[in-house]
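1. Here is my input; please provide its structure:
(2 chains)
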There are 2 protein chains.
Amino acid sequence: MKQLLLSLIFFGSVGAMAQTTFEEDSTMIRNIYSEVLAHGECHENLRVLCKDIGARLSGSAEADQAIAWGKALLENYGFQNVHLQEVEVPHWVRGEGEYGYFESAGERHPTNICALGGSVGCSGVITAEVVEVKTFEELEALGRERIEGKIVLFNRPMDPLLINTGAAYGGAYNQRGQGASEASRYGAAAVLVRSLTHALDTFPHTGGMHYDDDVERIPAAAISTVHASELSEALKRDPKLRYTLYLGCQRFEDKMQANVIGELPGSVYPEEYIVVGGHLDSWDIGEGAHDDGAGIVQSIEVLRALQALDVPLKRTLRVVLYINEENGNNGGETYARVARETGMNHYAAIESDAGGFTPRGFRLQGNDEQYEVMKTWQPLFEPYNVHLFKRGFSGVDIGPLKNDTTALFGLVPDGQRYFDYHHSNRDTFENVNKRELELGAATIASLVYLVDRRGW
Amino acid sequence: MKQLLLSLIFFGSVGAMAQTTFEEDSTMIRNIYSEVLAHGECHENLRVLCKDIGARLSGSAEADQAIAWGKALLENYGFQNVHLQEVEVPHWVRGEGEYGYFESAGERHPTNICALGGSVGCSGVITAEVVEVKTFEELEALGRERIEGKIVLFNRPMDPLLINTGAAYGGAYNQRGQGASEASRYGAAAVLVRSLTHALDTFPHTGGMHYDDDVERIPAAAISTVHASELSEALKRDPKLRYTLYLGCQRFEDKMQANVIGELPGSVYPEEYIVVGGHLDSWDIGEGAHDDGAGIVQSIEVLRALQALDVPLKRTLRVVLYINEENGNNGGETYARVARETGMNHYAAIESDAGGFTPRGFRLQGNDEQYEVMKTWQPLFEPYNVHLFKRGFSGVDIGPLKNDTTALFGLVPDGQRYFDYHHSNRDTFENVNKRELELGAATIASLVYLVDRRGW
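-> The predicted model follows:
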């Protein structure tokens, strides 16, 4: 910082200062990347979160453990104002013994399935014929006569032509989120939803689903893409084949859990906040490594690295480990509500919740000025091959902070293999690369530095 | 193409044509990406190459199988002028029973090692003290007195601070390539080289090495990074510990193998060639999936996709599956020599040999005009998040084609996890993502289209 002050004294004119600032900022950003790549602790922290705690669905004992782990870690790093913020969360449990198979030509074909999060369980084993559809329009065209009492297979794949895999996910998502409600309107007994992944493999991918208030709640399960295709082929040969499904899941009373918060205090505007975060909860299968252990440990690493480098921050930098992104977003909603009620000024919020892959840039939900300013930072990220600075969706947890002034940024990592792991047993620590994870953390930390230093 | 011709008729002026050309090119490139993402066969071809043939070091029976597989595949796709080009290659064999361990405080510590490619074997088991160095300067400072009869451990890690992992590889490479010759000058009995990978794991990574003519040839092995670190720690406690090494490798007479060549003929300048390729040989451990099965199946996919889309090519497009990149580059040298001797005109050559990861762009070895033209294509790749268009090294196989006129391009994929797999048992089909592989193929095919269509 001494060097910077000297530079400011020597190059006091605006033009020269802009030039100097770019060089100073370049140097600081290089220091940030070097700190994280040489001394980063996010990979080891992720190992502990994934291997010692593992899957941690909101409401579970493992989520309680993760909250305690997060708080202890933030305290251990010496961050300020480390505290829990209570959040009411749903408590849904997969239970034991879920399975599904079909029988055709006298042979039994097991299929890999898993209940969708929030599904009702089966009161007994369900055996029924299967109707395959790809859209809700097809469902409507078939009508109650052809659907009543049957199991509906939603089998529309993610579109492989979309380069943005998140958009492909969005294009197939309504089958999982809304399929049970739509099928229930026509009297379906249950639904199977083709797993939301590009991969053709045997892993079922769970995820959130929703029941409309005006429908009977029917069981809903994800089926692996290989088995969805197998079932679809078998239906062509034997339209009367019967599928047998059992789900043991159930929902209990809501529980109190918490967001975990820690800070590096600002020296000039301590009451203006820049928030970095991800979500601490995960689905109950796999280890929640990319989704969103990566975002958690990267966000913590941002504070660790800036503190280690003694980077002077004008504003208070907060890390928030949100709870309950996966099945409710009560963590993000609670955080934003408390912020509004207490009149907190959030200058910016940054979320990492798209996997611990090589960072490609950021998407901004913000005003025109913020967008124009952000674009001027692109050359500073050029040495790190971080090119993408666009408008777009930031993140589920920080979404409720949206207002006219707060800039919301979402880290955009390379997303090509994200949905191979997402919400499945493949989302494990082993599938996160240390360097890719660290580069993401360094990229967020650099953005925090620029937002605080240059702002708008 | 009809649409293009109509456009040319309607927008005959130069200005309007430039505009139309960008749109037409955008459409064609979108078609290329869609063809590869929807109907690509490169992932399945890679599975066959990796699983049915596997590792295929030059000179091996598996390399012969790979050559036959490649020729049959090119013929099967209906490419023209499919033929083999004879290449003399070395024939080195790992042999059986290689191992290494150290003994300290009465305990035996096994270490994971593998012979470097081209190393001499041990005439008997070698047991000796170990001297650790990080540089050749340290070796010189120690001198013959401290080195003679001992095993030298080269233990300089790859620099984690370099964003370009290839540069980090380059910075550590001389230990593997030249370490045995340098240590031999001081009478060392053998060398162990820390594996060239960022990962801290237990996999040894092999790779090529060289003996200077004026030194005694001593055995050289790679040691896993975990075991290199373990051995280094043990040496601090017990500088007199003894390491035991056995390598069973040997070199046989050179053999004749071949480059595999196929073509899509050009319609306007059939005697000008654009060449795409990778290397068919691999090291003898792992499956050569990223290195360079990926480049092989991507290069074949380029011709398949352009043929399937009936893209009109002015120049002849060749695919070359080079042999012997890993330990000699006789395939690349032979190809270039024949091209010179027969007066072939190579307009451009493109290589994929940096892994089947998400494509980031290209590096060009070419003249200023080619570089300026290439940079104008960047906006066409924007929708695919392909941003990097720089000068730099293209590829080992196509390097010998370098002259004043031929443009040499190297595909640059995301390289952060490449060296986790490179030259080790982890370089398997399972570690290649289908979409990332396909996006690379589509990116090369799009470049081929632009080089042929726009040229310089």
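
2. Check for me that residue A:362 belongs to a strand.
-> Yes. Per DSSP: H, G, I helix; E, B strand; the rest coil, residue A:362 lies within a strand segment.

3. And the residue nearest to it when sequence neighbours are not counted, how far from chain B?
-> Excluding the flanking residues, the one nearest residue A:362 by Cβ to Cβ, 6 or more residues apart in numbering or on different chains is residue A:409, at 4.8 Å. Using the backbone N, CA and C atoms, a C-beta is placed for each residue, glycine as well. As judged by Cβ to the nearest Cβ, to the nearest Å, residue A:409 and chain B stand 18 Å apart.

4. how about the CA coordinates for the host helix or strand of residue A:409, as PDB?
-> Using DSSP states H and E, residue A:409 sits in strand A:407-413. The C-alpha coordinates for strand A:407-413 follow below in PDB (Å, rounded to 0.1, in the frame of the first residue of the first chain):
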ATOM      1  CA  ALA A 407     -25.000  -4.900  -7.400                       C
ATOM      2  CA  LEU A 408     -25.500  -8.700  -7.500                       C
ATOM      3  CA  PHE A 409     -22.800 -10.800  -9.100                       C
ATOM      4  CA  GLY A 410     -22.800 -14.500  -9.900                       C
ATOM      5  CA  LEU A 411     -19.500 -16.200 -10.600                       C
ATOM      6  CA  VAL A 412     -19.600 -18.000 -13.900                       C
ATOM      7  CA  PRO A 413     -17.400 -21.100 -14.000                       C
END
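
5. Would you give the sheet partners of that strand, along with the direction of each?
-> Strand A:407-413 has its sheet partners listed here by DSSP bridges as strand A:345-351 (parallel), strand A:359-365 (antiparallel).

6. and the first one, which residues are buried?
-> The one in question is strand A:345-351. A:346, A:347, A:348, A:349, A:350, A:351 (16 or more other Cβ atoms under 10 Å in any protein chain shown).

7. give me the low-pLDDT residue ranges for the stretch 1-150 of chain A?
-> A:1-20 (pLDDT under 70).

8. As a check, name the ranges of all strands in it.
-> A:80-93, A:99-104, A:107-111, A:113-115, A:126-133 (DSSP state E, counting those that start in this stretch).

9. Show me what the shortest one packs onto, helices and strands only.
-> Meaning strand A:113-115. strand A:220-223 (3 or more Cβ pairs under 8 Å, 6 or more residues apart in numbering or on different chains; DSSP states H and E).

10. strands paired with the strand it packs on, and their directions?
-> Counting by DSSP bridges, strand A:220-223 is paired with strand A:113-115 (antiparallel), strand A:190-194 (parallel).

11. Go through the ones you listed and pick out the most buried.
-> Most buried of these by mean neighbour count (mean count of other Cβ atoms under 10 Å in any protein chain shown) is strand A:190-194; its value is a mean of 29.

12. Now do that one against strand A:126-133, angle only.
-> Per axes from the mean of the first three to the mean of the last three Cα atoms, to 10 degrees, the angle that strand A:190-194 makes with strand A:126-133 is 50 degrees.

13. In contact with the closest residue in space to residue A:101 that isn't next to it in sequence: list those residues for me.
-> Nearest non-adjacent residue to residue A:101, counting by Cβ to Cβ, 6+ apart: residue A:110, 4.6 Å away. Residue A:110 sits next to A:99, A:100, A:101 when contact means Cβ atoms under 8 Å, 6 or more residues apart in numbering or on different chains.
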